[in-house]
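J.: Provided below for reference: sequence and predicted model.
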Amino acid sequence: MLKAKITDAVNLCQLRQKPCFVGFLTEEEVSIALSVLKGLDFENYMLFGGYEGATRLCLGTFPDSIAPHFSAFPIKAIEFNCSSQYRVLTHRDYLGAVMSCGVSRETIGDILVEEGRCVVFCRDTVYDYLSEQITKVGSVGVTVNTADVNNLPEVKEPCQIIITISSMRIDVIVASLANLSRENAAKAIAQGLVFLNGIQVTSHSVKLKVGDKVVIRKKGKYIIDNITGTTKKGKLRVSVNHFR
């Protein structure tokens, strides 16, 4: 269905001479989208999530007569404010409140949270509805405003960790990062719980390199930062950035 949507967006933008948009897309879906666009030999597109560094992205396809630009994207940002006197609300709390309104997940982009404030990026088609519907998150009352995208909650910096491993195979790295045995790491890969650069991994023998991004379901996102050296026994010391 995603491949069909992307193909339709390419065809419709050329037919109507207007931009067409798909998503918000996950990192895995972005990888699929790029593959489809390459196969269609289509280059006049842009990926944007409402702010620089967004994780969930909309795909915009543009006719040849229009240069891709972020201002064309149908994305708005809602800000929720609340008192944190009794309870600190989390990403899960805000996502639950948004999804309880019955909107589809693809209409919701990144959710940025700090104490007492949250900014939710969404498609413009659901902005008014969410703004009217959400008066509480959990049991906490919230006020709703249009977000200032130049003043967003700070994204948490990753935690850098050092792992000592025998090789750069993905099962070895997953085992170390997730504190699993090699056997259980291989099972996690076989169960489709591990993604490499947005693509679901199917082989436990894939070799990783510096810059690769690994997502382990329920554990987090990791980026291989650097190989810092070797131990006396020949094992590799690897620095990894962990995004919780």
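T.: Sure, I can see it.
J.: could I get the buried residue list for the longest strand along the chain?
T.: Looking across the chain with DSSP state E, the single longest strand is strand 220-230. By neighbour count on 16 or more other CB atoms under 10 Å, the buried set for strand 220-230 is 221-225. (Each C-beta comes from the backbone N, C-alpha and C, glycine too.)
J.: what does stretch 121-133 give?
T.: 121-123, 126-127, 130-131.
J.: likewise stretch 158-177?
T.: For stretch 158-177, a neighbour-count test (16+ other CB under 10 Å) marks 158, 163, 165, 168-177 as buried.
J.: C-terminal to the worst-scoring helix or strand of the chain on mean pLDDT, what's the next element?
T.: Sorted by mean pLDDT, DSSP states H and E, the helices and strands of the chain end with strand 199-200, the least confident at a mean of 83. Using DSSP states H and E, the helix or strand that follows strand 199-200 towards the C-terminus is strand 213-216.
J.: look at residue 4 and say how many residues are nearby.
T.: For residue 4, the count of nearby residues is 9 (other CB atoms under 10 Å).
J.: can you tell me the element it falls in?
T.: Under the assignment here (DSSP H and E), residue 4 is part of helix 2-16.
J.: just checking, what packs against the very next helix or strand once past that helix?
T.: Tracing the chain C-terminally past helix 2-16 and defining elements by DSSP H and E, one meets strand 20-25 next. Counting contacts by 3 or more CB pairs under 8 Å, 6 or more residues apart in numbering; DSSP states H and E, strand 20-25 is packed against helix 2-16, helix 27-39, strand 57-61.
J.: show me the contacts for the closest residue to residue 139 other than its chain neighbours.
T.: Of all residues not flanking residue 139 in the chain, residue 87 sits nearest, at 7.4 Å (CB to CB, 6 or more residues apart in numbering). Contact partners of residue 87, counting by CB atoms under 8 Å, 6 or more residues apart in numbering, are 138-140.
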